[in-house]
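A.B. asks: Dropping a prediction and its sequence here:
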Amino acid sequence: MNTTRATRDIPPAALATFRVTAARDADEHAANLSRWNQTYDQLSPGAFAGEVRELWLPHAQVFVERTNRSLRQSCMAWPDAIWFGVPLPSAQAPATVGGTAIAHTDIAVRPGGTEFELRTPEDFGIFGIVVRAEELARYMDEVEHRDPASVLGQRAVLSVQPWARARLCRALLEILSEAARHAPPDGIATADASEAAQACGDLQERLLGSLVTLLMAANDSAARPTITHINRQRTVQRIRDYLLAHAADPIAVPDLCRHFHLSRRALQYCFEDVAGMSPAAYLRALRLNGVRRDLRAGAGQRTVSDVAAAWGFHHLSQFAQDYRRMFGELPSAALRGGAN
């Protein structure tokens, strides 16, 4: 998790700000979401393209994020808030949060200030709603006489009624479209401050109303991850931590089997279940993303070969081929781009 990026303040009360950002690099795209701490690893090959359309309200952040490549995302929303993730209906394959699949009738839920892992397929889009926890609790108490904790529990995925999910998606599209039409970069364009406050308050009321309607239609019988899946998830995380701690070592799949006392088949099952790819492909993607991140950061005065070696790549011709296949450009382009 990259914790060095500066985060932007939440806009003052009675203001709404809307912006659109595009990126050609996964980590650059991750940094475009305001007040989140994120690190993205690109998992599928090809040039990256991503877009974020983001609206800030007094007590909430609403966005739609689109990416064209499969990603592993380490995410952390801003503190004292709750994040709700609603994959777009057009998504061709399910994303996973903490290793649990988000089905087409599900939404993801995670507390702010806590790191979680999201894995997304190619050509993916997701609505994000981040609401101040105390504001959501106030609204639910006044409107539904319920406590959010009694509805959400500790689950990362909630199964909801399809009609409520569809209604929320329509409301989010309408809210973002309205903000795009009426809000310049520094706030909603209205005749005076009182009108601006009213417009902003109306958007937030519509957002909270649609969100709470969906939460009250949650299905308590949602599937929970099995013990086997939880153990595989922990194994993959332990292996990832080990690989990052020994990035320069030429670690291969047999080395992982010996170190973690796992058969090759068990290791394969773990990664296919949790990461959706083989251990070898995961290891290569992890290292290639590490190289790209260092190259774009400048990596001091080191050359491409120095950075590659620091991530365990010692055959430069093969490394260059793998890098270009993954990111759609030569590693030298990332080094030049990071220096600009």
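C.D. replies: Done, it's in. Numbers count the residues shown, from 1 in each chain.
A.B. asks: Next SSE downstream of the helix-or-strand element of the chain with minimal mean pLDDT?
C.D. replies: Least confident helix or strand, the chain: strand 218-219 with a mean of 71, by mean pLDDT, DSSP states H and E. Downstream of strand 218-219, the next assigned helix or strand under DSSP states H and E is helix 227-245.
A.B. asks: Quick one: the helices in the stretch 201-340 of the chain, in order.
C.D. replies: In the stretch 201-340 of the chain, the helices defined using DSSP state H, counting those that start in this stretch lie at 227-245, 253-260, 264-274, 279-296, 304-310, 316-327, 331-339.
A.B. asks: Please enumerate the strands of the stretch 1-150 of the chain.
C.D. replies: 17-23, 37-42, 50-57, 60-67, 71-76, 81-87, 95-97, 100-102, 106-111, 116-120, 124-132 (DSSP state E, counting those that start in this stretch).
A.B. asks: among those strands, which gets the worst mean confidence?
C.D. replies: Looking over those, mean pLDDT reaches its minimum on strand 100-102, with a mean of 89.
A.B. asks: From the chain's centroid, how far away is that strand?
C.D. replies: 13 Å (C-alpha atoms, centre = their mean, to the nearest Å).
A.B. asks: Now do the contacts for S278.
C.D. replies: Q268, F271, E272 (C-beta atoms under 8 Å, 6 or more residues apart in numbering). To be clear about C-beta, it is placed using only N, CA and C from the backbone, and glycine gets the same treatment.
A.B. asks: State the number of residues packed around the second one.
C.D. replies: To tie it back to what came earlier, the one meant is F271. By the criterion of other C-beta atoms under 10 Å, F271 has 22 neighbours.
A.B. asks: Pull up the gap between the spatially closest residue to it that is not a sequence neighbour and M326, please.
C.D. replies: Using C-beta to C-beta, 6 or more residues apart in numbering and skipping residues adjacent in sequence, the residue nearest F271 is P279, 4.7 Å away. Look at P279 and M326: by C-beta to C-beta, to the nearest Å, they are 17 Å apart.
A.B. asks: cool, and P58?
C.D. replies: Taking C-beta to C-beta, one finds P58 at 41 Å from M326.
A.B. asks: neighbour count winner among these two?
C.D. replies: M326 (22 against 18).
A.B. asks: Is the more buried one in contact with P45, as I believe?
C.D. replies: Yes: with contact defined as C-beta atoms under 8 Å, M326 counts as touching P45 (4.8 Å).
A.B. asks: returning to what we had before: looking at the helices of the stretch 201-340 of the chain, which one is packed in the most?
C.D. replies: Mean neighbour count, computed with mean count of other C-beta atoms under 10 Å, is highest for helix 279-296 among the helices of the stretch 201-340 of the chain, reaching a mean of 21.
A.B. asks: Now do that one, average pLDDT.
C.D. replies: 93.
A.B. asks: and A81, how many neighbours?
C.D. replies: 23.
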